[in-house]
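Trainee: Need a 3D model of the following:
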Amino acid sequence: MRQLRQLEKAGIEYELATAKIVCVGGNYYIHQTVYVDKATWFAYKNRKNSKPKYEINALDLGCQKTATDAYGKTYNTQVEEPERLKRLQRKKARQMKAAGWEPKKKKKVKCSNNQCKVRKAIKREYQKLTNKKEAEAIKLTREVLAETEVLVIQDENLTGWKASGHGKKVQHGILGRVKERLMRSEKTHVINQWVPTTKLCTHCGQMMNDLTQRDRHIVCPHCGHDDGERDRHSAQTMIWLYYNMKDKIGLDGTEFTRVDFDAML
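Mentor: Presented below is the predicted three-dimensional model:
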């Protein structure tokens, strides 16, 4: 109903097509489909779309900061589990232990009324958490895409990050949602994950192989050039690669390996 109020406030006429009741996370919602004149709808969607701020931009995704662009702007969004959800999970664990459930034996225990209530409450809390993450991801991607004509990102291995000690950062973050939404856009070009955007010095073209995760400010050991803050340097390197090597590196799904990149240097 909120979206319909937005259309009414904007003075856009619409026709109601269908309406159905759906249950999500134990809550009931009305999903409505409406018909709007195509020309009117595009005029409404593009009402605030002015000329983009940048001709090209790049976005580096990370765990410490959700994202950093090539001009130093940072986005940091962490959506942690609320205390209510943690309390409900502890209560569920106590109920299951009292009922004689043992994880190793996988013994089936009949769910009581109180247990069912707790499980439904947990399901609702998880749905609220998912909705909040989705809203933050939409907000971030819209802001980034509205400011540039071309966006370059890297196909980061988020699953590998989660397995290498950054599980909570990835779980509480919105990196997967942001990456998925950006890759849907026609403005976005994706660099293969094996391209070393952080360890490459674009000033001298040499690799900084001794660079570690703790090095947050990068100075090239070969030419002495100050590449600045780590995430911003990575985003700027993506733009350099797009302009100078986009026909050679893995771009937009092209198969590519680190060995291929080292062979070009």
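Trainee: Helix, strand, or coil at the residue of the chain most remote from its centre?
Mentor: Distance from the centre of the chain peaks at Gly100, with 40.2 Å (Cα atoms, centre = their mean). The local conformation at Gly100, judged by DSSP: H, G, I helix; E, B strand; the rest coil, is coil.
Trainee: I'd assumed Lys120 was in contact with Leu88.
Mentor: No - counting by Cβ atoms under 8 Å, Lys120 is not a contact partner of Leu88; they are 9.9 Å apart. Glycine gets a C-beta too; all of them are placed from N, C-alpha and C.
Trainee: more neighbours, those two?
Mentor: Leu88 (21 against 14; other Cβ atoms under 10 Å).
Trainee: Distance-wise, check that one relative to Arg119.
Mentor: Going from Leu88 to Arg119 by Cβ to Cβ, to the nearest Å gives 9 Å.
Trainee: ok, now Met96?
Mentor: 10 Å.
Trainee: Residues that sit against both of these two, list them.
Mentor: Overlap of the contact sets of Met96 and Arg119 (by Cβ atoms under 8 Å, 6 or more residues apart in numbering) is empty.
Trainee: Could you report the separation of Ser96 from Val118?
Mentor: One correction, residue 96 is Met, not Ser. Taken as Cβ to Cβ, the span from Met96 to Val118 is 10 Å.
Trainee: between those two, who's got more neighbours?
Mentor: Higher neighbour count among Met96 and Val118: Val118, with 20 against 16, using other Cβ under 10 Å.
Trainee: Let me know the helix or strand that the more buried one is in.
Mentor: helix 113-146 (DSSP states H and E).
Trainee: got the buried residues for that helix?
Mentor: By neighbour count on 16 or more other Cβ atoms under 10 Å, the buried set for helix 113-146 is 115, 118, 121-122, 124-125, 129, 133, 136-137, 140-141, 144-145.
Trainee: Spatially, and excluding backbone neighbours, which residue is closest to Thr68.
Mentor: Asp231 (3.7 Å; Cβ to Cβ, 6 or more residues apart in numbering).
Trainee: and if you look at Trp161?
Mentor: Val170 (5.5 Å).
Trainee: following the helix or strand harbouring that neighbour, which helix or strand comes up?
Mentor: Per DSSP H and E, Val170 falls inside helix 167-172. The first helix or strand that comes after helix 167-172 along the chain, using DSSP H and E, is helix 175-184.
Trainee: Okay, angle between that following helix and helix 113-146 too, please.
Mentor: 40 degrees (axes from the mean of the first three to the mean of the last three Cα atoms, to 10 degrees).
Trainee: Show me what counts as buried in helix 175-184.
Mentor: Within helix 175-184, the residues that count as buried by 16+ other Cβ under 10 Å are Leu175, Gly176, Arg177, Val178, Lys179, Arg181, Leu182.
Trainee: Could you double-check that the fourth one lies in contact with Glu143?
Mentor: Spelled out, that is Val178. No - using Cβ under 8 Å as the test, Val178 is too far from Glu143 to be in contact (10.9 Å).
Trainee: Which parts of the protein belong to which domain?
Mentor: 1-49, 50-264 (automatic domain parsing).
Trainee: tell me the mean pLDDT for the longest one?
Mentor: Read it as domain 50-264. Average pLDDT, domain 50-264: 84.
Trainee: Which parts of this structure are strands?
Mentor: 15-24, 27-35, 54-61, 67-69, 74-75, 148-154, 188-191, 217-219, 226-229 (DSSP state E).
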